[in-house]
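Participant: Okay, here's the prediction I keep looking at, along with the sequence it came from:
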Amino acid sequence: MSTICHETYVLDAYAVLCYLKDEPGAEKVSTILKKAVKKRARIFMTWMNLGEVYYRVCREHGEFEAARVLEVIKSWPVEVLPGDECLTIGAARVKASCPLSYADSYAITAALRYDADLVTGDPEIRDVAPAIGVPLVWLRSDDAQ
């Protein structure tokens, strides 16, 4: 019996929007999604971060497009995590100790919970994640991780 090594990732809103807009870094997200399709990676995202994607698409392109994008993302090989007590309190603790958004705190907490690499290009996350032990897959090419 062979053992399959799974890589584990958490996507934040930045990663999803980067991929959807085909911005620099989108190819890294694409590679991770392809690994998950082949069962060689496991991907998580929180509903809080998915909500962030929804409101940003809604603001720029309207509610119809936001609903369409939501359905597309729900078809991806991504496990969407509910904001249960453990995740919510963990995110609140991260937010209390770090200068970043509450949604970013959810992504960091999910990465900690699942021992996952956090896929992002958000400078706020880059500035705090290494100090609390969250490895990053950095998507931006305009500055170093």
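Facilitator: The structure has been received and is ready for your questions.

Participant: buried sites along the longest helix along the chain?
Facilitator: Using DSSP state H to define each element, the chain has its longest helix at helix 47-61. Using 16 or more other CB atoms under 10 Å as the test for burial, helix 47-61 gives Met48, Asn49, Leu50, Glu52, Val53, Tyr54, Val57, Cys58. Every residue, glycine included, has its C-beta placed from N, CA and C.

Participant: ok, now stretch 113-126?
Facilitator: Tyr114, Ala116, Asp117, Leu118, Val119, Thr120, Gly121, Asp122, Ile125, Arg126.

Participant: Among those, which lie within strands?
Facilitator: Within those, residues falling in strands by DSSP state E are Asp117, Leu118, Val119, Thr120.

Participant: Now pLDDT and distance to Ala41 too, for the buried residues of stretch 113-126, in TSV please.
Facilitator: Listed next are these as TSV, based on pLDDT from 0 to 100; distance: CB to CB, whole Å:
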residue	pLDDT	distance to Ala41
Tyr114	97	12
Ala116	98	10
Asp117	98	10
Leu118	98	14
Val119	98	11
Thr120	98	16
Gly121	97	19
Asp122	96	21
Ile125	96	20
Arg126	95	22
